[in-house]
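Colleague: the following comprises the amino acid sequence and a computationally predicted model.
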Amino acid sequence: QVQLVESGGGLVQAGSSLRLSCAASGRTFSNYVVGWFRQAPPKEREFVAHIIWSTGSTSYANYMKGRVTISRDDAKNTVYLEINNLKPEDTAVYYCAVRRAFTPNNIQSYNSWGQGTQVTVSS
C-alpha cells in the first residue's frame, strides 16, 4: 500500500502562492491516479485536482481552474499542487490521495490518504 505524506502548508496572506507536496513511500505512483482534495469544516471534502501518473493527464475542479497547477516529479515520486492568488476561502486542510488507474473517477475510489496539510489564508 502506498503511504502518502503531504507538506508545504502554512499561514499566508491573500494573494500569495503555495506549493504543496505529496510524497509517496512503499510503492511508486506508476499505476495510480493522484488526487488533491481539501476540507474546511463543516464542509465535505472536495476535489481540487488529479493527475494520471502514467500519462501526465490532469483534471481540475472548475472553481480552481486558472489558479492551480498539479504536477509530478518522477525521480522524487512526488506530486505537487501549486495554488496561486490564494483567497481566504481557500483555507482548509489539503489532502492527497491515490486510486488505481481505471477506477471510477470519484472520491470513493481513493483508498490511501495522507494526513493532510493545513493551509490558512489571511485577508
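Modeller: Perfect, I can see it now.

Colleague: would you agree Lys115 is in contact with Gly9?
Modeller: One correction, residue 115 is Gln, not Lys. No: the pair Gln115 / Gly9 is not scored as a contact, 11.0 Å apart, by Cβ atoms under 8 Å. Just so you know, the C-beta spots here come from the backbone N, C-alpha and C atoms, and that holds for glycine as well.

Colleague: more neighbours, those two?
Modeller: A side-by-side neighbour count of Gln115 and Gly9, using other Cβ atoms under 10 Å, places Gly9 first with 17 against 10.

Colleague: how about that one: what's its closest non-neighbour residue?
Modeller: With Cβ to Cβ, 6 or more residues apart in numbering as the criterion, Gly9 has its nearest non-adjacent residue at 3.4 Å, and that residue is Thr117.

Colleague: list the contacts for the one you found?
Modeller: 6-9, 20, 93-94 (Cβ atoms under 8 Å, 6 or more residues apart in numbering).

Colleague: centre-most residue in this structure?
Modeller: Residue closest to the average C-alpha location in the chain (Cα atoms, centre = their mean): Trp36, at 2.3 Å.
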